[in-house]
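# Got a predicted structure here, sequence first:
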Amino acid sequence: MQPDKLVYMANQIATFFKSQPGDDGAERIAAHLRDFWDPSMRAHLCELAKQDDQVLDENVRKAVALLN
Amino acid sequence: MKDFVIPSDDRDLGTPAREGAPVTLQIDGFEVTVPEGTSVMRAAALAGLSIPKLCATDSVEAFGSCRLCVVEIEGRRGTPASCTTPVAPGMVVHTRNEKLRKLRRGVMELYISDHPLDCLTCAANGDCELQDMAGVVGLRDVRYQAPEGAGLANHFAPRNTSGEANPEWLPKDDSNPYFTYDPAKCIVCSRCVRACEEVQGTFALTIEGRGFDSRVSFGAKSDTALASDCVSCGACVQACPTATLQEKSVIELGTPTRSVITTCAYCGVGCSFKAELNGDELVRMVPYKHGKANRGHSCVKGRFAYGYANHKDRILNPMIRDSIDQPWREVSWEEALSFAAAKMRGIQAEYGRKSVGVITSSRCTNEETYLVQKLTRAVFGNNNTDTCARVCHSPTGYGLGQTFGTSAGTQDFDSVEQADVIMVIGANPHAGHPVFASRMKKRLRAGAKLIVVDPRRTETVQGPHYKAAHHLALRPGTNVAVVTAMAHVIVTEGLMNEDFIRTRCDWDEFQHYAEFVSDPRHSPEASELLTGVPAAELRAAARLFATGGNGAIYYGLGVTEHSQGSTTVMGIANLAMLTGNVGRRGVGVNPLRGQNNVQGSCDMGSFPHELPGYRHVKLPEVRAIFEQAWGVEIDPEPGLRIPNMLDAAVAGQFKGLYCQGEDILQSDPDTKHVAAGLAAMECVIVHDLFLNETANYAHVFLPGSTFLEKDGTFTNAERRINRVRQVMAPRNGYADWEVTQLLANAMGANWRYTHPSQIMDEIALTTPSFAGVDYATLEEKGSVQWPCNDANPEGTPLMHVDGFVRGKGRFIVTEYVATDEKTGPRFPLLLTTGRILSQYNVGAQTRRTDNVVWHDEDLLEIHPHDAEQRGINQGDWVKLASRSGETTLRATLTDRVSPGVVYTTFHHPVTQANVITTDYSDWATNCPEYKVTAVQISPSNGPSEWQEEYQAQAALSRRILPAAE
């Protein structure tokens, strides 16, 4: 899938959870990805997170770590 | 196929029902007990003592003009009209005696003296109340004749015996494509005028002139039915007791002799209809008065636009081809299905189990949808199933699920009759849900207040005898800011319902939420710059909603089809909880669903993360139920959603698709991307009535059946499960559920359903909210609203009555995030899209009916100011361009849209509005952001290059080789 689209979608999710009270943003992003993203999309996102040139939200990076 | 007779009373009781304390009276010696306020006429009819009548019908209030229904009441003078006389305790009524007989015969004689006696050749022969009443009152003679030497004194003879024209005679008006108005047959009972006012709320009809000159007229004297305000809902035709207003189909085909109750296959209102037939020839569709969604009303689509079922474009034979540049080859069902099965299995063998998927149809029945998701889960072995709800109400599923615990709309449609303040957000029921709109307008005319949140001044904002108290014409894309600002006003001004919040909601979360919305940056004054909504207007609207009595919210795709669609849905739920407007009649959060069965398709597990009944595939106890029922192992991971399928296809990972009854190429955003995705697949199976746009990229075409040709159920926006009944055999040979079963079996499944009722039994067995649903129950009750199970054997008209489904209602913080789809120097205007009354969705059905007389092309609405700047005049061709693509269409100048905003519909594939829309989508559900696209408009002199290429490709792709002999 187009990397920029996956990154954009993941960052959108992060933006929502950032607005929510509590400091469990990364956990909630990870849960959302687990619930709604097909495993191949999650795997692709994990790959992308390893690349430094992707503009991934900090919480998405943390969430990706939780996905593994 | 059997005629279905609901064992309830289908007679016309003369005047509407009333609610009130019981009153007992005596009619012709029989004791009758009815609610206070009931008319004597209705009381008599309920007792089986029907009183002759002409101007009364139970869909409209009594009028008392024909004087045929006169009765005698002991202790009262004269002979009052029974339709306008309310019952009283102890009243003694006589409906039959010599005096009344004489009076009625006299009245009838006068009526008939001005009515043609061509009954045998009249279209209403056998279905005419005037004829019936002449019989009932025993009319045997008409003594009135024109005086010798004087002119003709009637309205029905075009000429006198000398050949002179009769100035009183008016020609038939057959301008409307579906019905005629023949003034010669009119008895001026005014039923049509009152139906147009009371039932439909359009006020298109009037009585012109006085006395003998009184005529029914469509607006001004010179107007025809088509040129008038008439919306062709059919209410007047339904109310007319004679052949004056008559369906053209009855004139052509004759009076129907049998009827079957079924459910309309257009919008999410889900109106019940009587399909009236001769043999298997459909003569007309008549709204069913006991239909609980529509209460006897209809719109132009359901009532009249069914001709697509017999349109010449309909494909009746299966077809296949190896590649999309080849013409189609007509083949047998066996060959088509084994071709499709071999292709799909081949793809799975080469690219993996997850390389194929399905799209279920929100136009097909629950049973059919259930089988399609079962096909992918049990036969393909993955969860790659999605439905068009993805692109409409998926944010409702997520948003209401998070706040209330279920995505279900909270009310039934009857509830609107108790609403005091109705807030309509991002919806135009006048065009999209017309029968609900009529019911809402009736309530508004009775005094309820209306708040509309919409960038356009839609037809819903103002109508005859009502006007929105507040129209918040926000900038597209700022819903969250508006809804949050309303909450700000309610919380900071202390207008919330604290009792409700404390007892029904999570108080800690409310504290967070109250702190969040109270921040001055959420005040209407602060958000005005973003939203364009004047702060004072927004404050007034918020105060009205919080303090005006029962507050009901109805919303549509203007809420969901945004990058923040899910967030707005949560904001709406917050507003309802803040004001305590959940859990009783007249209130609630009501998503207006787009398609007839979009509710059902979601209920049936069409989403890739959920099994039927909204239960996540990750839950082992839920999978176990289906694994046991189906004898297969179910993938515990969510599958691909429609946009993900297309992305994966472009990336070469997704290769095969079975798409039932949905035209993703026309309806989904960013057409070029959809086309690229479809073109990258190796096997696209389209199962549809017509060679739709998606079929241009298909390898297998399986002909579909219409809703008239199969049994099943649809679930409407009220969660009401209504029966769809077969009225004729499938013209293509198989109902759609049979086709899915044949495909599954060609791929090695061993399904043995012989009737959709067996599929419903399987749904009930596996899905707790449907546990009490079976066809016998539906026959008995007519319809039920889920949940229907041991806890709610009668179904559930209102949700969250004693507590939210999830326990405590959750307030969720709704931070506004501007969409990245922004205007700039290249694309300075915002495009938003919507529907028109006469056309439905991608138009595949309605474009193939006479509804095209109202709307034969998509138009671009543009504000005169923006048009002038660009040198665009009314009716000019313009180029509409976004970063995704460009198209051309004609412009219409109107101040319904604000400066900076343009609007169009997406009913016609020639325009392909979705070539313009982008791939931005809702953060939670990937629901596309159809409602905001930055565009530029410029004058044009013809179709865009893309349109020409598209037409050429479509023409090439639609070639069909003559069948081999």
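The structure has been received and is ready for your questions.
# neighbours around the closest residue to chain A within the stretch 701-850 of chain B, how many?
Closest residue of the stretch 701-850 of chain B to chain A, CB to the nearest CB: B:Glu815 (3.5 Å). Yep, even glycine has a C-beta here, placed from its N, CA and C like the rest. Counted with other CB atoms under 10 Å in any protein chain shown, the neighbours of B:Glu815 add up to 16.
# Work out for me the element the residue sitting nearest the centre point of chain A sits within.
Nearest residue to the geometric centre of chain A (CA atoms, centre = their mean): A:Val60, 3.7 Å. Taking DSSP states H and E as the definition, one finds A:Val60 inside helix A:58-67.
# Now do that helix: everything it contacts.
Outside helix A:58-67, the residues that touch it by CB atoms under 8 Å, 6 or more residues apart in numbering or on different chains are A:10-11, A:13-14, A:17-18, A:25-27, A:29-30, A:33-34, A:42, A:45-46, A:49, A:56.
# Narrow the residues you listed to those that are buried.
The neighbour-count test (16 or more other CB atoms under 10 Å in any protein chain shown) marks A:10-11, A:13-14, A:17, A:25-26, A:29-30, A:33-34, A:42, A:45, A:49, A:56 as buried among the contacts of helix A:58-67.
# from these, which ones fall inside helices?
In helices, judged by DSSP state H, the following of the buried ones among the contacts of helix A:58-67 are found: A:10-11, A:13-14, A:17, A:25-26, A:29-30, A:33-34, A:42, A:45, A:49.
# Up against chain B, what does chain A have?
A:1-2, A:5, A:9, A:12-13, A:15-16, A:19-21, A:32, A:34-41 (CB under 8 Å from any CB of the partner chain).
# burial measure for residue 43, as a count.
Here I'm looking at chain A. 13.
# please go with chain B instead
Taking other CB under 10 Å as the criterion, the count of residues near B:Ala43 is 28.
# Quickly find the element holding it.
helix B:40-46.
# ok, the next helix or strand after that helix: who's next to it in the sheet?
Downstream of helix B:40-46, the first helix or strand assigned by DSSP H and E is strand B:72-73. Next to strand B:72-73 in the sheet, as set by DSSP bridges, lie strand B:92-94 (antiparallel).
# And the residues of chain A next to chain B, which of them are buried?
For the residues of chain A next to chain B, buried by 16+ other CB under 10 Å: A:1, A:9, A:12-13, A:15-16, A:20, A:32, A:34, A:36-41.
# in the stretch 501-650 of chain B, what spans have low per-residue confidence?
Along the stretch 501-650 of chain B, no part satisfies pLDDT under 70.
# Now do the strands in it.
Applying DSSP state E, counting those that start in this stretch to the stretch 501-650 of chain B gives strands spanning B:551-555, B:588-591, B:610-611, B:615-616.
# Chain A contacts on the stretch 451-600 of chain B?
Residues of the stretch 451-600 of chain B lying close to chain A (CB under 8 Å from any CB) are B:His512, B:Ser563, B:Ser566, B:Thr567.
# Which one of those is nearest to chain A?
Nearest to chain A among these is B:His512, at 4.6 Å by CB to the nearest CB.
# so which residue of the stretch 301-450 of chain B comes closest to chain A?
Closest to chain A within the stretch 301-450 of chain B is B:Lys354: 7.1 Å, counting by CB to the nearest CB.
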